[in-house]
Structure formats: C-alpha cells, structure tokens
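A.B. asks: here is my input, please return the structure:
(3 chains)
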Amino acid sequence: MQTNNKQNKHLSDLSFNEQCYLLLRKIPKGRVTTYKAIAEALGTKAYQAVGNAMNKNPNPINVPCHRVVNTDGRLGGYAFGLEKKMALLTKEGVVVAEGRIVDFKNVFFDFQDLSD
DNA sequence: GGAATGACATTTA
DNA sequence: CTAAATGCCATTC
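C.D. replies: Below is the predicted model of the structure:
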C-alpha cells in the first residue's frame, strides 16, 4: 500500500468501518444492536473489528455508536466513557441495570427487519 | 509484508 | 453464574 494516504476515500468502495456506521444510522432511537449483528449484516464475523471501528470513532456525532452493545446485553465499552453510554441509552428510553440492558431482546434492533 | 491491538464471541473449566 | 482460554476478523503501527 502507499506509505501514507489516509485520505484515500473511494466512495464506491466503502471500508468495513464505513459500512458499520451506515448501519448504525439505521438504528432508531431507543433501540440497540450488537457487534455481532453488524458484522453478520455485513456478511462477516469480524465482531471485534466492528468494535474496533467504533473505537476509532471518526464521527461520533453522525453515528450513534452508543447504541451498540454486546450480545450478552452488556454495554461493553465506549470511547467517551461507559458512564456516558449508559446515560445516553437511558435517555433514549433503554433501561440499564447492573451494567446490562433490561429486556435486551425487547430493545434489540435487527437489521434483517429492514429487508422486509 | 508482518506484528500488535481491540468498544467481541464462544467454549470449557 | 464467574473466570479463563481460544478463535476471529479488520485496522493500525
């Protein structure tokens, strides 16, 4: 690859992390998804890679990265601070207790729901 | 081109 | 149920 070319943005060829952001934007308020769901939605198993993309968090304002949690229903982590993430989710209407989401399945947003 | 990292997931003890 | 170990994939140094 070129030594230094970070600005190489091919609109027709979105990077893995770019696609993750697109999916996050589809997530409605009060709903949460998992890293696994995103990875699977992209046709891969890069669960950790998805979280990695969030950690870079190039645009936390356009992407609700706080709506992404672990499959266990736990918050996982947050670049701005786990406390902030929990606060945001709570404000969105998601109930969080003991560090995990209550009725996780109820607030879980499945991307497959969009295909229909 | 290769090693190291990470906001994960799954299995086994 | 909790803890540890292993696997997996993409990005970054």
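A.B. asks: what pLDDT does the nearest residue to A:V68 once chain neighbours are set aside get?
C.D. replies: Of all residues not flanking A:V68 in the chain, A:T33 sits nearest, at 5.8 Å (C-beta to C-beta, 6 or more residues apart in numbering). Backbone N, C-alpha and C define where each C-beta goes, glycine included. Listed pLDDT for A:T33 reads 96.
A.B. asks: buried set for stretch A:92-112?
C.D. replies: By 16 or more other C-beta atoms under 10 Å, the buried positions in stretch A:92-112 come out as A:E92, A:V94, A:V96, A:I101, A:F104, A:V107, A:F108, A:F109.
A.B. asks: pLDDT and secondary structure for the residues you listed - can I get that in TSV?
C.D. replies: Shown next, in TSV, are these (pLDDT from 0 to 100; DSSP: H, G, I helix; E, B strand; the rest coil):
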residue	pLDDT	secondary structure
A:E92	96	helix
A:V94	96	coil
A:V96	95	strand
A:I101	95	strand
A:F104	95	helix
A:V107	94	helix
A:F108	95	strand
A:F109	94	coil
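A.B. asks: report the two of these separated the most.
C.D. replies: A:V96 and A:F109 (15.8 Å; C-beta to C-beta).
A.B. asks: the strand or helix carrying the residue nearest to A:V68 vs DNA strand B: in contact?
C.D. replies: If you go by DSSP states H and E, A:T33 is part of strand A:33-34. Yes: against DNA strand B, strand A:33-34 shows contacts by C-beta under 7 Å from any atom of the strand at A:T34.
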